[in-house]
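K.L.:
Got a predicted structure here, sequence first:
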Amino acid sequence: MSYITPLSQRKGLQLFGSPNELFLLGAIVVLSLVIGLNNSVFFSIATPFDLLRSSLIEILFALGLLIVLVSGGIDISFPIIGIFAGYTTVVIMLRFELDTYSLIIPLILAAIVGAILGSINALLIAGFGLPTLIATLGTAGMFRGFLLSYVGSVYIANIPLGLDEFSTADLLSVETSAGTLARLHVLVIPILILAIALAWMMRRTMFGRTIFAIGGNEESARRMGMNVRWTKARIYMLVGAISGVAGILYVSLQRKADPYDLAGTELEIIAAVVLGGASIMGGYGTVTGTILGVLLINLIKDNLILLGVPGSWQRAAVGLMLLIGVIAQAVADKRRMKQTVTVAEEDSQ
Amino acid sequence: MFGTKNISKAFGGAVALADVSFSVEPGEIHCLAGENGSGKSTLIKIMSGVETADSGSIVLNGEEFRSLSPREAVAHGVQVIFQDFSLIPNLTVAENIALSTDVLERRKLVNPKRNREIAQKALDRMGVSMDLDATVQSIPVSSKQLVAIARALNQGVKILFMDEATTALTRKEIDHLFGIVHGLRDRGVATVFVSHKLDEVQEIAQRITILRNGSVTAEGDIKDFDRKAIARAMTGQEVNEVRLAPAVPDNAPTVLEVDSISSPGRFRDVSFSVKAGEVVGITGLLGSGRSEIAEALFGMTKIHSGTVSVNGTPISFTGPRSAVAAGIGYVPQDRLTQGLFLHQPIAKNVLAAAIERFVGPLGFVKAKSIRETVTNWISDLKIKTTDPQNPATSLSGGNQQRVVLAKWLAMSPSVLILNGPTVGVDIGSKRDILEIIRQKALDGMAVVIVSDDIPEIVQIANRVLIVHQGETGAEFEGAAIEETSLYKELAA
Amino acid sequence: MKDISQNLVKSLLSDRKLTQLIIVAVIVFATFSILVPELFLTPRNFVSMAFQIPEIALLALGVMLAMLTAGIDLSVVSMSNLAALSTAYLLVTQVSEGDGNVYVWIVITIAVGIFVGLVAGLANGLIIAGIGVTPILATLATLTLYNGIAVGVRNGQSIIGLPEEFVAIGNSSLWGIPMPMVILLVAGVGVAIFINKTGLGMQSILVGANQDAAKYSGINVKKVLLMTYTLSGGLSALAGLIIASRSASANPDYGSSYVLLAIVIVVLGGVNPYGGFGTVTGVILATAVLQMVASGFNALRFSQFFYQLAQGFVLVAVMVLNVYVDKRRMARKKLKAPKES
């Protein structure tokens, strides 16, 4: 008996809904042991704190991308939207001398800028029906080109104070045995809340179910009376806003606004989301899996040195990891397809 | 009353429907019969609001409408279940049934418990029980159909159109479906079966409307029609049901030898042989394994034990290519997605399997030989087209099937396996295609036809094998091949 | 001879997309000629463009082959850099100043570079056809991996100081035509012949049209895909070698913006699912159009970022236009009788 885990076995907001997620968690645990045994520096409270700090922004981007993937599309413009929103927000705040201590203003500004850019994606994909990969490839080029041509190509080190100070806003700071400070950034809380909210949205709102429906069978969703076009438009606007917020938070944590940043990071995040169980064909994916995927990739990336990988080879190591990840996903997908066919055959005889 | 009054519709210059009136009463089981091109799909589209008629009116629940929007049609109880059921595979049974209500009520939040109750209610009305939380992609085809019906019920269906509803069902499932349709009838829901399976139609329907070339050619109570009369009204011709099976010379060599092949979960211990010039029909209910056997002989399904030999040489299957190399050709069930390259020129389609035969030592294709070959096959099989460079989509169903046949005949296979060769082909073309098969058999080809179309098998086969739950059973030969005994054996 | 050229012209013009592209080319040419004739209409500019077009066109041809089979190859730039680095490394370490065997080494190292490209492409093919990863994800991953390898082996550094004999190849001309352009034309003809005249080429088109039907027709889909991505790797390597020769250096991160450009070119050049000479011609012509835009922008002193903006815009605009053209074609079809009603 190998149905895909029936919903009846899931209750409410159960954390682990699929074997894939358990596997990821297992991989994280095993990997941690391996790294730690290789170099005991790893086993300190600083490690999870640092891991979280380096992963939080990516998790935000990844959650936005998850929504797009579940709907059956792909978006490679989201990091560009992020840096566009982040950089532009800083420029606006500096130009118009807005309240430098506020955190709310830049967040709202970035979200708005992100949503506007996202709505351009929405227009092309939902409005004109362009294929998502090429459409977002085009908008990525447009947004980046526009940012560097018209908003500015200058590195800004003096970002508004509020944003700057936020980078050291820690929830906890613990002194480690090594004498350094292990800091858990406060962002953990809002991002956790957002993740839970997003998971709830995907499972319990019509918007969320429509997204799954579109990813499963767009034509059938349309015949059911679902407003596919409008839902798609909302998806890309929402992802734009999320990416915008992620972008300004990135600027804050980095304590600089560099318009050349973030470009090229889409690959890693796509790999993380796919590793987390989202299918590139659409219709499948969970918040938990996505978060675990990001954590796993960052765990490896951040500790390559501890694993003995020299600096110049780190990018290759990441590439190899991405490759293994997508291959594993493809193999898992294939197995899933095979299972359902056999079950159906058994039943029909 | 549901139906249409004097509906006419033309696309450009071509008339799709001319003054079509038909009616269905609540609780009636009606059959809408017609060939491809008869206008029945346009009629359904007009009744469900997807298309607008040029003149005439649609009657829903006694009310007359000049035109409908899809939403209005649904609101008045019109539901259409297409062959693909239009379900969402990654959502649960409960969600597939109940979400449309949520959509209708413009809800923002989803209440899984309420959805489950709604779904359960619909299923209860059908007397069906199912795991509400299973994802639709994990349930068998017959269950999917039931979910689609439950969804229609949930949307307050008053007239349900079912397009070729029994194609993917086993006999048992068909009986079950018919039971449910009777249940619908008792509840006052009208069901319209769009079907070309005349024997099933006679079993379930009370009244029938037959369309040909956009006009109603016959209608009335089913009991007043026999199969010949229905076919005549559908085609306008006397259907020639004279047997076409070729005479097989006694000394014909055995070309295909299938020896105890098994594939766990699909078929077990299947053995038979086919001589040159023989047409062997393999039939069985859906799910009996007949399709799987065909696909296994083409290398698409793995054979775990047993051997298949062509002209004495055993084949070690690694996939379709090994089958082709051994001289086996396969005309698949699903012409549109498996047999044809729809947007490619007809010429390329004909060539698709044989490309490597026309490749010289350096890998270059011999353009002139290709052109000649293509022209020959088009005329040989009488493929109706103005230009071989036209895309395959420009052809009718019957001509498309000829293209698929041409593709394989161009390979001069020793064995040709056909799976459901005349599905979706108009009756006129059906006969022609069977004639082509007969001719090729007379030329020495060994033919295997897998089909659930008993009349077709009776017409063309020398021998018939019945497949039952993965195993070959009764065998019929020569004069013993006739419908009643075949049907009896199938139902056994 | 006249017959052949007449037929060629006729078949080229009958391809509607190609005709549109020619019109666009003429318009772009005219626009920049009018705006900045002193910088645009100079022989120096045309020679410069003729040198720059080939490397990008070759990359685009690689992407085009992948798109013909309904896939995509995003790793072309990484593969080209890897190939360039391999050749450059060998040249720099094996050839010393005034070495008599220079030309022998050049031939060997070029062969090695192309080999590296073919292997990288083959790896792509194995991942896509052998394991079954979708081309988008597979080439996204290999793009990073190949780039990472290029960075790793040289510690992130470029290789400079390539022997002048090698550099001469990319910067010289044959009968007035720049060498890179000659290489492009030869490669272009080769690709066109492959698509139209070889069995594998025809099979590629069918695989791209309907992979299922191709399988059911006994076509060796795996072989076709392997060949496609391997060829893409080879073409990328060729591009990389031209780049290395022209710039006398090899750099692991060169041309990262070329991927977008290559896709814009392929979309603009009209990936024609029916194959036909039109496709390769379209790609080369589209490259020329975009190169004209780049040089025109340069003359107008627009930044390179504005060029990137324009690329993205062109990509999007062309696709939106395609949607409209298709819609009108569908609407016109609907008025005719549908085959089945």
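P.N.:
Structure received.
K.L.:
Next, count neighbours for the closest residue to chain C within the stretch 1-150 of chain B.
P.N.:
Minimum separation of the stretch 1-150 of chain B from chain C (C-beta to the nearest C-beta) falls at B:Ala14, amounting to 2.7 Å. Heads up, the C-betas are built off the backbone N, CA and C, glycines and all. Neighbour count of B:Ala14, defined by other C-beta atoms under 10 Å in any protein chain shown: 14.
K.L.:
cool, and the one 5 residues further on?
P.N.:
Neighbours of B:Asp19 under the rule other C-beta under 10 Å: 15.
K.L.:
And the residue of the stretch 51-200 of chain A at minimum distance from chain B, how far from chain C?
P.N.:
In the stretch 51-200 of chain A, the residue that lies nearest chain B is A:Val70 (9.2 Å; C-beta to the nearest C-beta). Distance, A:Val70 to chain C, using C-beta to the nearest C-beta, to the nearest Å: 16 Å.
K.L.:
give the contact list for that residue.
P.N.:
Going by C-beta atoms under 8 Å, 6 or more residues apart in numbering or on different chains, A:Val70 touches A:202, A:211-212, A:215, A:278, A:282-285.
K.L.:
Helices along chain A, start to end?
P.N.:
For chain A, the helices defined by DSSP state H cover A:19-38, A:46-70, A:78-95, A:104-122, A:132-146, A:161-166, A:188-204, A:206-216, A:218-223, A:228-254, A:266-275, A:287-302, A:314-348.
K.L.:
any weak-confidence spans in the stretch 1-150 of chain B?
P.N.:
Low-confidence segments of the stretch 1-150 of chain B (pLDDT under 70): B:12-13, B:36-37.
K.L.:
What is the subsequent helix or strand relative to the lowest-mean-pLDDT helix or strand in chain C?
P.N.:
The weakest-scoring helix or strand in chain C, judged by mean pLDDT, DSSP states H and E, is helix C:2-14 (a mean of 60). Later in the chain than helix C:2-14, the nearest helix or strand by DSSP states H and E is helix C:16-35.
K.L.:
List the buried residues in that following helix.
P.N.:
For helix C:16-35, a neighbour-count test (16 or more other C-beta atoms under 10 Å in any protein chain shown) marks C:17-18, C:20-22, C:24, C:28-29, C:32 as buried.
K.L.:
Give me the residues contacting the very next helix or strand once past it.
P.N.:
Next helix or strand after helix C:16-35 toward the C-terminus (DSSP H and E): helix C:37-40. Residues outside helix C:37-40 that contact it (C-beta under 8 Å, 6+ apart): C:32-33, C:45, C:295-296, C:298-299.
K.L.:
now, which of the residues you listed sits nearest chain A?
P.N.:
The closest of these to chain A turns out to be C:Asn298 (C-beta to the nearest C-beta; 13.9 Å).
K.L.:
which SSE is the closest one in?
P.N.:
With DSSP H and E as the criterion, C:Asn298 is inside helix C:277-299.
K.L.:
centre of the chain versus that helix, how much separation?
P.N.:
Taking C-alpha atoms, centre = their mean, to the nearest Å, the mean C-alpha location of helix C:277-299 is offset from the chain mean by 11 Å.
K.L.:
what about that helix and chain B, any contact?
P.N.:
No. Using C-beta under 8 Å from any C-beta of the partner chain, helix C:277-299 never reaches chain B; the gap is at least 13.6 Å.
K.L.:
and that helix, what does it pack onto?
P.N.:
helix C:2-14, helix C:16-35, helix C:37-40, helix C:43-68, helix C:179-197, helix C:258-268, helix C:304-335 (3 or more C-beta pairs under 8 Å, 6 or more residues apart in numbering or on different chains; DSSP states H and E).
K.L.:
Need the contact partners of the helix or strand that the fifth one is followed by.
P.N.:
I take that to be helix C:179-197. Reading on from helix C:179-197 to the C-terminus, the next helix or strand found by DSSP H and E is helix C:199-209. Outside helix C:199-209, the residues that touch it by C-beta under 8 Å, 6+ apart are B:341-344, B:348, B:351-352, B:355-356, B:358-359, B:363-365, C:65, C:67-71, C:193-196, C:213-214, C:217, C:219-221, C:223-225, C:227-228, C:273-275.
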